[in-house]
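Asks: Okay, here's the prediction I keep looking at, along with the sequence it came from:
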Amino acid sequence: MAKLRHVAMVVEDLEKTAQFYEQCFEMKRVRQTATAIGLSDGVVSLVIIHPSNVNMKGETKRGLHHLGFLIDDMEDMSSKVEARGAIYHGEILGTGRGPMTERKYLDPNGQMFDITTAQHARETWQVQVEEPA
């Protein structure tokens, strides 16, 4: 079963936004680059992305960027979402992990979401998840 594990937003001021969520909701900083900060409450992650991030590919939208789902089987879920109208939209750039652990799609309304394996969640989001049984 897929589980919602992260929400990503695009903002101009990474540090101010991160500090807000850290101070108000006691989220912990688990990952940081020059153009993105990952926060977590230990279950769900909030990824704060600057517009200059390479994965933005020139997008101008601010606010909610995409939803991220933790899945058990990449091939099974890819087939399932594609059969229901999702369009493959690439993978996260710069991790070196490739499409076997994380893939991005557009739903039938054009909203971006990604599907991610437990391996990717542990290594990238720093979220404690177990491999499927």
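Replies: Thanks, I have the structure now. Residues are numbered from 1 along each chain as shown.
Asks: quick one: which helix or strand includes the residue nearest to the spatial centre of the chain?
Replies: When Cα atoms, centre = their mean is applied to the chain, the residue found nearest the centroid is residue 68 (4.6 Å). Here residue 68, judged by DSSP states H and E, is contained in strand 63-70.
Asks: Any buried residues in the next helix or strand after that strand, and which?
Replies: Later in the chain than strand 63-70, the nearest helix or strand by DSSP H and E is helix 74-83. Using 16 or more other Cβ atoms under 10 Å as the burial criterion, the residues of helix 74-83 that qualify are 74, 77, 78, 81. Using the backbone N, CA and C atoms, a C-beta is placed for each residue, glycine as well.
Asks: Go through those residues and name the one nearest residue 59.
Replies: residue 81 (21.2 Å; Cβ to Cβ).
Asks: how about the helices in the protein?
Replies: 14-25, 74-83, 118-120 (DSSP state H).
Asks: which strands and helices sit next to the last one?
Replies: Contacts defined by 3 or more Cβ pairs under 8 Å, 6 or more residues apart in numbering; DSSP states H and E place helix 118-120 against no helix or strand at all.
Asks: Confirm for me that residue 122 is in contact with residue 129.
Replies: Yes - judged on Cβ atoms under 8 Å, residue 122 makes contact with residue 129 at a distance of 6.1 Å.
Asks: where does this protein dip in pLDDT?
Replies: Within the chain, the ranges that satisfy pLDDT under 70 run 92-99, 109, 125-128, 130-133.
Asks: all strands of it, in order?
Replies: 3-10, 28-32, 36-40, 45-49, 63-70, 87-90, 102-106, 112-116 (DSSP state E).
Asks: can you redo these as CSV with distance to residue 56?
Replies: Putting the strands of the chain into CSV (distance: least, Cβ to Cβ, whole Å) gives the following:
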stretch, distance to residue 56
strand 3-10, 7
strand 28-32, 17
strand 36-40, 10
strand 45-49, 7
strand 63-70, 8
strand 87-90, 12
strand 102-106, 12
strand 112-116, 11
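Asks: And for the closest residue to residue 105 other than its chain neighbours, the neighbour number?
Replies: Nearest residue to residue 105, sequence neighbours excluded (Cβ to Cβ, 6 or more residues apart in numbering): residue 86, at 4.2 Å. Other residues within reach of residue 86, judged by other Cβ atoms under 10 Å, total 20.
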